[in-house]
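In: sequence and predicted model, in that order:
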Amino acid sequence: MQKEKVRLIKLMVPARKATPMPPTGTTLGQHGINISDFCKKFNDRSQFYEEGLLLPVHLILYKDKSFEFVIKLPFCTTLLKSLLTEGDSKIVSISDLYKISVIKSLDSSLPMYALFKQILGTARSMKLDIQI
C-alpha cells in the first residue's frame, strides 16, 4: 500500500552543509519534518559534491510525517560560477562548457548539441569570456 503524499517541497541546500538553521530549518520545521534527520541524511548523500555547492532538492512529505528526497543536479549558472572561484578572471574554456553539458545530459532529454548551445548562451548571458 502506497503512502499518501501531502506536499512537494523544493529547497536549495549547500552540499555537505545542511544545518537546522534558517532557511532549511525554518522551511522544514513549519511542515513538521524531523530537521536533524533530514540534515544527517542529506549530508551523507551529498558527500560526492563539492562542499558548499548549492543543490536543488525535491522533498516529498507524506501524511504520516515521513519524507523522502531527491537531490537534483546543480543549475548551469551554479556550475559556471564554481569554475570562476580560482580568481577574478571571467574566462571559461569550451572544454569546461562541454564538461558541464555532459553533467547536465544526465538530467535532460535534449540532444548534446542543443544542451551545449544552451549552456553557451547561459555563459554569454553571464558576461563570461569563452576561450577557444
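Out: Arrived safely.

In: measure the most centrally placed residue in the chain to K17 for me?
Out: In the chain, the C-alpha nearest the mean C-alpha coordinate belongs to L55, at 2.3 Å (CA atoms, centre = their mean). Using CB to CB, to the nearest Å, L55 is found at 10 Å from K17. The C-beta positions use only the backbone N, C-alpha and C, and glycine is treated the same way.

In: show me the contacts for the closest residue in space to R124 that isn't next to it in sequence.
Out: Take R124 and drop its neighbours on the chain: the residue closest to it by CB to CB, 6 or more residues apart in numbering is I130, 7.3 Å away. Contact partners of I130, counting by CB atoms under 8 Å, 6 or more residues apart in numbering, are I91, V92, S93, I94, L97, L120, A123, R124.

In: which residues sit against the lengthiest helix in the chain?
Out: Assignment by DSSP state H gives helix 112-125 as the longest helix of the chain. The contact list for helix 112-125 (CB under 8 Å, 6+ apart) reads 76-77, 80, 92, 97-98, 100-102, 104-105, 108, 110, 130.

In: at 10 Å what do you get?
Out: Contacts of helix 112-125 with the rest of the structure, by CB atoms under 10 Å, 6 or more residues apart in numbering, involve 75-77, 79-80, 83, 90, 92, 94, 96-105, 108-111, 128-130.

In: find the residues that touch each one of L55 and K17.
Out: F42, S46.

In: that older thread, my read is the residue nearest to R124 is in a helix, agree?
Out: No - according to DSSP: H, G, I helix; E, B strand; the rest coil, I130 belongs to no helix; its state is strand.

In: how many residues are close by K127?
Out: Burial of K127, expressed as a neighbour count using other CB atoms under 10 Å, amounts to 7.

In: next: L79.
Out: Burial of L79, expressed as a neighbour count using other CB under 10 Å, amounts to 21.

In: likewise for M21?
Out: For M21, the number of neighbouring residues by other CB under 10 Å comes to 10.
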